[in-house]
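*Asks:* Predicted model, plus sequence, below.
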Amino acid sequence: MDLDLRKLRYFVAVAEHRHFGRAAERLYIAQPVLSRQIRAFEQELACTLLVRTTRSVELTAAGKQLYEEAQGILAAVSAAVRRVHDAEHSVQRLVVAFSAGLHVSDAIRAFTVRHPHVETDVVPARWWEPDAPLRDGRARVGYLRMPFDDSGLHTIPVGLEPKVACMPAAHSLACRDELTVADLADERMLDTSRRRASSLEEKFELVAAGRGTALVPLSVARSYSRPDLVHIPVTDAPSVRTCLAVALADRHERLVRDFLEIATATLRHT
C-alpha cells in the first residue's frame, strides 16, 4: 500500500499533542475532519494507532512505532524536496548530522572559508540511531559517537570522550568527586536496552525525578547542565569514540572529501 503523507502528518500532530482539538488547531483544520482522517488512516494500515478517552489520547504499541518511524520518513521527504529545489536553483548544499553535545561549528566555519558559495546546514542525530540521517538522505556527513551500525559507511576516528554518571543532586553518591562502575552496581541505570527515552531532555527529566542514573558522555552532561543534577566522572567506564561518518558512495565526492579533510583536522585539534 502507499503511505498517505498527509494523514501521517495528521497522526504525528495528534501523537505530539495527545489531544485532537489542539492538534486540529495546529493543523488549521476542523476537529471532526481530523478525527475522520485518523480513522481512515487506521483502516488503511489495518492497525489501531490511538486509544481515545474523553480526556486524553494515548498511543498503542503500533502507534508508538509509527510515531518513531514517522520522524525519519517526514524528515527524509522534507530533505528530498529541499534537494529538488536546490537543483532547480543550482544551489550547492552540505548537510552535517551531529550527535548531542558534539560541536561541529568550528569545522563548518573552516569549511565555509574554503567554500563560501556552499550552503551548510546541520541536523541533530537521535542518540539511539545516530546513523539514520546518513541513511535516509537528510545529511551527507555525520559527526557522531560510536557504536552504531557502520555497514555501508566510511568512518574516520576523531577522538575519545569520558563517561560520567548523571544523578540527582540529592543522591547519596552526589558528593563524590569520582566513581567506579562498581559504585553504580546497585543503581537503576537508564540506557537503551532497559529504558529508552525519546529524547535526552526526557532522559534527564527522568534522572531528576529519581527514576534512575544515566551513564552519558561528558559533553552531553555539560550540554544539558541543570542545578538539580550532578555529573561525576566514572574512572573505569570505557571511553566513547567519536568519528566522522559518510556513505561509502559519497566519500570521494569533492565537497564531502574537502569537508572530511577540514573537519578531521579541526575536530581532532579541538
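*Replies:* That came through fine. A quick note: this is a predicted structure, and the numbers were derived from the prediction, not measured.
*Asks:* Let me see the contact set for the closest residue in space to Asp136 that isn't next to it in sequence.
*Replies:* Spatial nearest neighbour of Asp136, excluding adjacent residues (C-beta to C-beta, 6 or more residues apart in numbering): Ala76 at 4.0 Å. In this view, the C-beta of every residue, glycine as well, is placed from N, C-alpha and C. By C-beta atoms under 8 Å, 6 or more residues apart in numbering, the residues touching Ala76 are 136-138.
*Asks:* Beyond the helix or strand Ala76 falls within, next helix or strand please.
*Replies:* Assigned by DSSP states H and E, Ala76 belongs to helix 61-88. Following helix 61-88 in sequence order, the next helix or strand is strand 93-99 (DSSP H and E).
*Asks:* for the helix or strand just after that following strand, what is the average pLDDT?
*Replies:* Sequence-wise, the next helix or strand downstream of strand 93-99 (DSSP H and E) is helix 105-114. When pLDDT is averaged along helix 105-114, the result is 96.
*Asks:* Quick one: list the elements packing against helix 105-114.
*Replies:* strand 93-99, strand 119-125, helix 254-269 (3 or more C-beta pairs under 8 Å, 6 or more residues apart in numbering; DSSP states H and E).
*Asks:* Can you give the distance from the first one to the centre of its chain?
*Replies:* Relative to its parent chain, strand 93-99 has a centroid offset of 12 Å by C-alpha atoms, centre = their mean, to the nearest Å.
*Asks:* in that strand, what's buried?
*Replies:* 93-99 (16 or more other C-beta atoms under 10 Å).
*Asks:* Would you mind checking which helix or strand in the protein has the lowest mean pLDDT?
*Replies:* Across the helices and strands of the chain, mean confidence by mean pLDDT, DSSP states H and E is lowest for helix 61-88: a mean of 85.
*Asks:* can I see the domain layout of the chain?
*Replies:* Domain ranges of the chain: 5-69, 92-157+241-269, 163-233, per automatic domain parsing.
*Asks:* could you measure the closest residue to Glu42 other than its chain neighbours against Glu69, distance?
*Replies:* Once flanking residues are discounted, Glu42 sits nearest to Leu49: 5.4 Å by C-beta to C-beta, 6+ apart. According to C-beta to C-beta, to the nearest Å, Leu49 and Glu69 sit 12 Å apart.
*Asks:* How about Arg22?
*Replies:* Arg22 sits 23 Å away from Glu69, taking C-beta to C-beta as the criterion.
*Asks:* Check Ile232 too.
*Replies:* From Ile232 to Glu69 the distance is 36 Å (C-beta to C-beta).
*Asks:* dump the residue contacts of the residue most central in space within the chain.
*Replies:* Centroid-nearest residue in the chain, with C-alpha atoms, centre = their mean: Arg126, separated by 1.7 Å. Each residue near Arg126 by C-beta under 8 Å, 6+ apart is listed here: 71, 132.
*Asks:* Okay, now the unreliable bits of the protein?
*Replies:* The model of the chain has pLDDT under 70 over residues 1, 192-198.
*Asks:* Got the phi and psi for the closest residue to Gly159 other than its chain neighbours?
*Replies:* The spatially closest residue to Gly159, leaving aside those adjacent along the chain, is Thr242, at 5.1 Å (C-beta to C-beta, 6+ apart). Taking degrees, to the nearest 10, you get phi -110, psi 150 for the backbone angles of Thr242.
*Asks:* Let the chain start at 5 from now.
*Replies:* From this message on, residue numbering opens at 5, which makes the last subject Thr246.
*Asks:* Distance-wise, check Glu265 relative to Glu123.
*Replies:* Separation of Glu265 from Glu123 (C-beta to C-beta): 19 Å.
*Asks:* so what's the closest residue in space to Val126 that isn't next to it in sequence bridging to?
*Replies:* In this structure, Val126 finds its nearest non-sequential neighbour in Val100, 5.2 Å apart by C-beta to C-beta, 6+ apart. With DSSP bridges as the criterion, Val100 is bridged to Val126, Val145.
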